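In: Sequence first, predicted coordinates after that:
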Amino acid sequence: MKLILAVIQDKDSNRLLQALVENNFRATKLSSTGGFLKSGNTTFMIGTEEIRVDRALQIIKDNCKHRDQLVAPISPMGGNADSYVPYPVEVEVGGATVFVLPIDQFHQF
């Protein structure tokens, strides 16, 4: 058994959940918040047999896309204001951060 933890952008969560269900994966969906942009994320916990991990990863890859987003920079507090950029900056967001963990035991009660 493996546990897949996938942290994705909220915009991709419904599409990913539907694709996982269509492919007979059970997933637990958790709300989470990213540290860099302070924006909403969704973390999926997916338990599966080792032979199905590659299929689950492909589903995640197909449904979680990178996109560009404008973010307002945070003003410097006590820092050098010369390097502060007072207008929005475009950054790439989205995609998925995925961890695959080994599971020693699995119980379902």
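Out: Nice, thanks for sending it over. Here the structure is a predicted model, which means the values were calculated and not measured.

In: First-to-last residue distance for stretch 43-63?
Out: End-to-end distance of stretch 43-63: 14 Å, with C-alpha to C-alpha, to the nearest Å as the criterion.

In: How about stretch 16-28?
Out: Start-to-end span of stretch 16-28 (C-alpha to C-alpha) is 12 Å.

In: What is the subsequent helix or strand relative to the least confident helix or strand in the chain by mean pLDDT?
Out: Lowest by mean pLDDT, DSSP states H and E among the helices and strands of the chain is strand 89-94, with a mean of 59. Remark: after strand 89-94, the chain's next helix or strand is strand 96-102, criterion DSSP states H and E.

In: export that following strand as CSV, just CAs?
Out: The C-alpha coordinates for strand 96-102 follow below in CSV (Å, rounded to 0.1, in the frame of the first residue of the first chain):
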residue,chain,number,x,y,z
ALA,A,96,0.7,19.7,-7.9
THR,A,97,3.2,18.9,-5.1
VAL,A,98,2.9,15.2,-4.6
PHE,A,99,4.4,12.9,-1.9
VAL,A,100,4.2,9.1,-2.2
LEU,A,101,4.6,7.4,1.2
PRO,A,102,4.9,3.7,2.1
